[in-house]
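Asks: here is the input, now give the coordinates:
(one chain, ligands or ions: 1)
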Amino acid sequence: MSPAALTPEPTFQVRPVIKRKDQKFNFGAIVEGLDLNNISDDDVKNLKDTIWTHKVIIVKGQKDLTPQKHWELVTRFDPAASQVHSHGSIKTFQAKGGLLSKSRDVYGIPGAENVRLIGKGYQGDDHYGLKNVTVKGLSNNFHADPPNEDEFQQGFTRFQRWHIDAPLYARDPAWFTTLRAVKLPSGPDVTIRWDDGSGLSMQSPPGLTAFFSTSQLYGLLSAEEQQLVDHSWVEYAPHPYMWIENCKAPSNGLGLKSEGKEHTIEELGDYDERAIKRYPCAWINPVTGEKAFQVHGLAVRKLFLRSSVDEQPKVVEDVNEIRAFILDIQSRILRPEYIWLPEVGEGDIVMWDNYGTFHSAVDYPLEKYGPRTMHQANIGASRGPVGPVPIPSVS
Ligand SMILES: [Fe+2]
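Replies: Numbers count the residues shown, from 1 in each chain. Okay, the predicted model is just below:
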């Protein structure tokens, strides 16, 4: 009997995204016919496989999903995981989140603290028990050269920061992130500009999240590069987001400018050597078997390059060289045709495979479009990424 035969067919419908002629991204699906407040174990398993297969899905119509049931679903995706958000408690996140928690507010929903309220603007007098909260939200201040404020107010914006949701220290990255749109800004499309000299731009409704597939990126590499990526690995810094808390991004939001602003390791204070993460450069999708070039370039402190298991790796410790290597690969996919901004409505929930995609928020002017309210939850995985070959143990 095949494993598929063990799980009954899904009771929900999965439709691939309909793309325009100029769109080349190869992921994405719309899921209908589910009530996430009341989902069977079989459908949890089917939904999980759907995320791994399609990488980014929109589950329609979850207006009534309670934060408690939202978190419960996340834990059911990975029952062996510790019952905590991948970035830890709100307290840990505020203390050690560095670049991630600095200049942004994140609130836990009372009674379901692992479901995080993120967004922008005034959230109402009582949002699931959070009283009179105004969320500062993400902004374009992560860019070394931020966009012109007048143009921003007119709706010209940027990709905020391309990333995966991954602590990269202590806990393993969540397999999936779930993001429910509770309230969305409204108004004319914003224009997302690369502002990197390429002249590239794309239009999008305000308040959406952008995605590209890192397995599609892997497929763009030459056979030689794939061989290299298959056998290479990276080591992330201890407290990686503290390490780079003063660093800024290039205008397209991909990678970091190397301006010597990283902390020294001594400045980071105590850390646990065993909590440092070393991950392969290629991560294998457990359902489709695809490989993804999944390297969070912001936080890599050492790069180990080799093209076969017998080769002695070349160790790269210069951040300029490390970032140049990663960016040379990743920038190939940072083009409008490879990017999808799933068009959610209020009540829809986006779920993505964090092991095969990168995503970015896109800021918008609050005054013109109004507040944004999202519920985000993920869980530090019970099993971290698996590469094509094991990483040698560190001496
Ligand atoms: Fe994220």
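Asks: please name the residues that touch the spatially closest residue to residue 27 that is not a sequence neighbour.
Replies: Nearest non-adjacent residue to residue 27, counting by C-beta to C-beta, 6 or more residues apart in numbering: residue 55, 3.9 Å away. The C-beta positions use only the backbone N, C-alpha and C, and glycine is treated the same way. Applying C-beta atoms under 8 Å, 6 or more residues apart in numbering, we find residue 55 in contact with 27-28, 211, 213, 215, 352-353, 356-357.
Asks: so where do the strands sit in the stretch 151-300 of the chain?
Replies: 156-157, 176-183, 190-193, 201-204, 209-213, 233-236, 278-280, 282-284, 291-293, 300-305 (DSSP state E, counting those that start in this stretch).
Asks: what is the lengthiest strand in the chain packed up against?
Replies: Across the chain, the longest stretch assigned as strand under DSSP state E is strand 112-122. With contacts taken as 3 or more C-beta pairs under 8 Å, 6 or more residues apart in numbering; DSSP states H and E, strand 112-122 sits against helix 67-77, strand 107-109, strand 134-135, strand 372-378.
Asks: can you pull the buried residues of that strand?
Replies: 112, 114-121 (16 or more other C-beta atoms under 10 Å).
Asks: of all the residues you listed, which comes closest to residue 346?
Replies: Distances from residue 346 to the buried residues of strand 112-122, taken as C-beta to C-beta, are shortest for residue 119 (12.2 Å).
Asks: any stretches of the protein with poor pLDDT?
Replies: Low-confidence segments of the chain, defined by pLDDT under 70, span residues 1-6, 89-104, 394-395.
Asks: dead centre of it: give me the residue that sits there.
Replies: Taking C-alpha atoms, centre = their mean as the criterion, residue 164 is the residue nearest the geometric centre of the chain, at 3.2 Å.
Asks: wouldn't residue 299 be in contact with residue 242 here?
Replies: No: with contact defined as C-beta atoms under 8 Å, residue 299 does not reach residue 242; the gap is 10.0 Å.
Asks: quick one: residue 343 and residue 34, what's the gap?
Replies: 18 Å (C-beta to C-beta, to the nearest Å).
Asks: ok, residue 65 touching residue 348?
Replies: No: using C-beta under 8 Å, residue 65 is not in contact with residue 348; the gap is 10.3 Å.
Asks: could you name every residue contacting both of these two?
Replies: Joint contacts of residue 65 and residue 348 (C-beta under 8 Å, 6+ apart) are residue 180.
Asks: what is residue 376 paired to in the beta sheet?
Replies: Beta-bridge pairing for residue 376 (DSSP bridges): residue 116, residue 179.
Asks: just list whatever residues bridge to the closest residue to residue 317 other than its chain neighbours.
Replies: What sits nearest to residue 317 in space, not counting adjacent residues and going by C-beta to C-beta, 6+ apart, is residue 302, at 5.5 Å. Using DSSP bridges, the bridge partners assigned to residue 302 are residue 235.
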